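Chemist: Below is the sequence, then the predicted model.
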Amino acid sequence: MTVMTVAALVVQLMSAGGAGAQGEQAAGRQQGDPGSISTNLSALKGEVSSLSERFKAARERRRLQAEKEKQEWEREPKAPAGPRRE
């Protein structure tokens, strides 16, 4: 979960101009518009929860697929051990 949070934060910072942005975006950040901060924070929380849900769903799909493959492998008939030739 921590990796997903950091990734979402990096994406949000990059799309907002991030550190070292020039021009109007930098000037807007210096003014400190508190409304945009709370809006961005809410959007970021929404993205993180959405990514978290997608990650959980993907992990569950992988788990179910692995379980299915394991059951199929266990059902396959094993080749009988024949006489050894030397």
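Modeler: Ah, there it is.
Chemist: Now A7: closest residue in space that isn't a chain neighbour?
Modeler: Distance criterion Cβ to Cβ, 6 or more residues apart in numbering; nearest residue to A7, sequence neighbours excluded, is L51 at 7.5 Å. Bear in mind the C-beta positions are built from the backbone N, C-alpha and C, glycine included.
Chemist: surely the one you found meets A8?
Modeler: Yes - applying Cβ atoms under 8 Å as the test, L51 and A8 come out as touching, 5.7 Å apart.
Chemist: Can you pick out the residue with more neighbours from the two?
Modeler: Remark: of L51 and A8, A8 carries more neighbours, 20 against 16, as counted by other Cβ atoms under 10 Å.
Chemist: Tell me which helix or strand the more buried one sits in.
Modeler: Per DSSP states H and E, A8 falls inside helix 2-15.
Chemist: Dump that helix to CSV, keeping only the CA atoms.
Modeler: Output of helix 2-15 as CSV, limited to C-alpha atoms (Å, rounded to 0.1, in the frame of the first residue of the first chain):
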residue,chain,number,x,y,z
THR,A,2,2.8,2.4,0.8
VAL,A,3,4.3,2.1,-2.7
MET,A,4,0.9,2.8,-4.3
THR,A,5,0.5,5.9,-2.1
VAL,A,6,3.9,7.2,-3.0
ALA,A,7,3.2,6.5,-6.7
ALA,A,8,-0.1,8.4,-6.6
LEU,A,9,1.5,11.3,-4.8
VAL,A,10,4.3,11.5,-7.4
VAL,A,11,1.7,11.5,-10.2
GLN,A,12,-0.3,14.2,-8.5
LEU,A,13,2.8,16.4,-7.9
MET,A,14,4.0,15.9,-11.5
SER,A,15,0.6,16.8,-12.9
